[in-house]
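Chemist: I'd like to go over a predicted model; first the sequence, then the structure.
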Amino acid sequence: IFRLADVEWSDGRKVVGRDFVTLFRDILKPRSRHPFKPYLQALENAADVAAGRKPVTALGVSSPMSDIVELRLSSPRPAFLQLLGQPEMALPARDGGRITLGPYRVTRTEASITMLTLDDQHAEEENAASGGIKLIAEPDAEAAITRYKAGQIALLTGGSTGDYRAVRAAGLERQAHMDPVLGVYGYRIDRMEGLIEDVRLRRAMAMAIDRDAIVRAMAAEGVAPVIGVAPTGLSSLPVPATPAWQTLDMPRRIERARQLVEEVRRDRPDPKGPLRISVALPARAGDRWIMSQVAAAWKTIGIETDVVDADEQADLALYERIAPADLPTWFLRPFACQRLSYCNKEVDNALSDARFALSQIGRDAALARADRLLVEDAALISVMTAARWSLISQGTTGWSPSRWEIHPLTQIRSRAARKAAAD
């Protein structure tokens, strides 16, 4: 049961429980592509609503009074409240974006630039940018870093693993602030056919990577090697599964990987032909550099690598996933049969058992089983934990590390912003 605060939309109408009922119904309706749709299905009847077997009115969300919202769960979900606190769960603007919530109003939008100003209700409050905030969506990290270094940007946030080398190249490591996110960086199966279908080859490729060496060369605070599907730090999956070869040192891993590759080669129609794997990657220099280290390792065991653009189909594709809450399923569900070309029915059964488990103990056991099956099947060739970073200029305060990458603008204060407003 949630009691709503006394909050108004920008047109003066009060926020009522019906607004949230509509939000949840829109997220769970069959045609919705909301990123949290699969993770809200602990709500009563949510799975049937999402599949179109029941109407949205059957969803376990109601508003018995205008300031009350009731959510009914069919099974335990410890991280449910964390998920509700994510920006993706905010009430969307109304009337084509004209009627909004919160202290800021969108006053101008053009190309990649959005201007925000405080509304009259909050204008008297001391704020980061009482004269306005300019948000710039810059897809090119190197260009954004150049602007930051030139003093044109007070706060640069949203940096990814593949962008971090650009920070080091600019000599800005000491100004980089890392979020302690729960995430994994590696390579998933993009096209389940040919060589990549052979689990022996996938295991050999996973074994050959010297993750410690890559992480040392990255030199990004908080980034650590990962050899499984899920990172450490998940309360419902406290000890993520790892492959049996984890206990081997690197020389013995390489030796075993070469043996597996030779087994694969002997079973091919042309045993002397080359073994080539294609990998789809974005154009970011950092992602290409990491791949160059991985490809060099694969070459030592007899596998050649072809890198193609991210929009091309390949044997493998870059996989970088950051959890918005303490959700083991965030790292397990992407490998369900209907989501990728990879499919393991036993994994699907384990995920189904977890969804409908009536106790947290039963749910955790089912999640651990799914995790173990995915690792045994080498469904993901992981490399390390994912990185998220921000650059914060001198004089900008209020930014604090966030496990969930949440940095409210109302907490950011910048002398540069106030000076610009005064000028």
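Modeler: Yep, that arrived.
Chemist: what segments of the stretch 151-300 of the chain are strands?
Modeler: Using DSSP state E, counting those that start in this stretch, the strands of the stretch 151-300 of the chain run over 155-159, 176-178, 183-189, 276-281.
Chemist: show me what the second one is packed up against.
Modeler: Strand 176-178 sits against strand 389-392, with contacts defined as 3 or more CB pairs under 8 Å, 6 or more residues apart in numbering; DSSP states H and E. (Each C-beta comes from the backbone N, C-alpha and C, glycine too.)
Chemist: which positions within the strand it packs on qualify as buried?
Modeler: Of the residues in strand 389-392, 389, 390, 391, 392 count as buried by neighbour count, 16 or more other CB atoms under 10 Å.
Chemist: closest to residue 59 among the residues you listed?
Modeler: residue 390 (36.9 Å; CB to CB).
Chemist: what's across from the closest one in the sheet?
Modeler: residue 177 (DSSP bridges).
Chemist: before we move on, the earlier item: which among the strands of the stretch 151-300 of the chain is found nearest to residue 398?
Modeler: Among the strands of the stretch 151-300 of the chain, the nearest to residue 398 by CB to CB is strand 155-159 (9.4 Å).
Chemist: by contact count, what packs against the closest one?
Modeler: helix 141-149, strand 389-392.
Chemist: can we see that at 6 Å?
Modeler: On a contact count with 3 or more CB pairs under 6 Å, 6 or more residues apart in numbering; DSSP states H and E, strand 155-159 meets strand 389-392.
Chemist: so for the strand it packs on, mean pLDDT?
Modeler: Per-residue pLDDT over strand 389-392 has a mean of 96.
Chemist: not counting sequence-adjacent ones, nearest residue to residue 148?
Modeler: residue 156 (4.7 Å; CB to CB, 6 or more residues apart in numbering).
Chemist: where does the stretch 1-150 of the chain dip in pLDDT?
Modeler: When residues are selected by pLDDT under 70, those of the stretch 1-150 of the chain lie in 120-131.
Chemist: how about the residue nearest the centre of the chain, what does it touch?
Modeler: For the chain, residue 322 is the residue whose C-alpha lies nearest the centre (CA atoms, centre = their mean; 2.6 Å). Counting by CB atoms under 6 Å, 6 or more residues apart in numbering, residue 322 touches 181, 183, 386.
Chemist: need those in CSV with neighbour count and pLDDT, can you?
Modeler: Formatted as CSV, the contacts of residue 322 follow (neighbours: other CB atoms under 10 Å; pLDDT from 0 to 100):
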residue, neighbour count, pLDDT
181, 22, 97
183, 24, 98
386, 23, 98
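Chemist: now, of the strands of the stretch 151-300 of the chain, which is deepest in the fold?
Modeler: When the strands of the stretch 151-300 of the chain are scored by mean count of other CB atoms under 10 Å, the highest mean neighbour count falls to strand 183-189 (a mean of 24).
Chemist: pairing partners for it, with directions?
Modeler: Strand 183-189 has these strand partners (DSSP bridges): strand 316-322 (antiparallel), strand 380-384 (antiparallel).
Chemist: circling back to that earlier point, would JSON lines of the strands of the stretch 151-300 of the chain with distance to residue 85 be doable?
Modeler: Converted to JSON lines, the strands of the stretch 151-300 of the chain look like this (distance: least, CB to CB, whole Å):
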{"stretch": "strand 155-159", "distance to residue 85": "18"}
{"stretch": "strand 176-178", "distance to residue 85": "21"}
{"stretch": "strand 183-189", "distance to residue 85": "18"}
{"stretch": "strand 276-281", "distance to residue 85": "33"}
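Chemist: all helices of the stretch 251-400 of the chain, in order?
Modeler: 285-300, 329-332, 345-356, 360-376 (DSSP state H, counting those that start in this stretch).
Chemist: now for the longest one, which elements pack on it?
Modeler: Where contact means 3+ CB pairs under 6 Å, 6+ apart, helix 360-376 is packed against helix 345-356.
Chemist: which residues touch the helix it packs on?
Modeler: With CB under 6 Å, 6+ apart, helix 345-356 has contacts from 336, 337, 363, 366, 367, 369, 370, 373, 374.
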